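S.K.: Coordinates only, no sequence provided:
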């Protein structure tokens, strides 16, 4: 089973950039047909798909977040990362790194990391 570990500051100031890194021990992020995505859940709300990066490096973004989201990967560290710019308190949420198995089904999830946007 693929494991994922999120890393991110717990507190980010408004207008700053939220940097989230996902480390994947025990599996290669460049394995054919593996996709890796970012999902968040604001307090009291449902899950929101933010974007994804493929084994090939192709990226996909939620239209509502595309203008301020960037997803990249570092194969030397076996990590993928999210940069969410111009954050506001509405970006306060639990952020998850998720593995998509071939076929697009959800596989493993990280434990999630709470990020609060506040001055």
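M.R.: Received it, and whenever you're ready, just let me know what you need. Nothing here was measured: the structure is a model prediction, and the numbers come from that model. Numbering: from 1, shown residues only.
S.K.: Enumerate the positions of the lowest-mean-pLDDT helix or strand in the chain that are buried.
M.R.: Ranked by mean pLDDT, DSSP states H and E, the weakest helix or strand in the chain is strand 105-109, scoring a mean of 92. Buried residues in strand 105-109, defined by neighbour count with 16 or more other CB atoms under 10 Å: residue 107. All C-beta spots, glycine's among them, are computed from the backbone N, C-alpha and C.
S.K.: Now do the helix or strand just after that strand, average pLDDT.
M.R.: As assigned by DSSP states H and E, the chain's next helix or strand after strand 105-109 is strand 113-117. For strand 113-117, mean pLDDT rounds to 98.
S.K.: tell me the angle the longest strand anywhere in the chain makes with strand 113-117.
M.R.: Taking DSSP state E as the assignment, the strand of the chain that covers the most residues is strand 93-101. Relative orientation of strand 93-101 versus strand 113-117 (axes from the mean of the first three to the mean of the last three CA atoms, to 10 degrees): 140 degrees.
S.K.: Strands of the chain, start to end?
M.R.: For the chain, the strands defined by DSSP E occupy 5-7, 11-12, 18-23, 35-41, 48-54, 59-61, 69-74, 79-84, 93-101, 105-109, 113-117.
S.K.: would you turn the ones you listed into JSON lines with distance to residue 29?
M.R.: Output for the strands of the chain, formatted as JSON lines (distance: least, CB to CB, whole Å):
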{"stretch": "strand 5-7", "distance to residue 29": "13"}
{"stretch": "strand 11-12", "distance to residue 29": "25"}
{"stretch": "strand 18-23", "distance to residue 29": "9"}
{"stretch": "strand 35-41", "distance to residue 29": "6"}
{"stretch": "strand 48-54", "distance to residue 29": "8"}
{"stretch": "strand 59-61", "distance to residue 29": "13"}
{"stretch": "strand 69-74", "distance to residue 29": "6"}
{"stretch": "strand 79-84", "distance to residue 29": "6"}
{"stretch": "strand 93-101", "distance to residue 29": "9"}
{"stretch": "strand 105-109", "distance to residue 29": "13"}
{"stretch": "strand 113-117", "distance to residue 29": "18"}
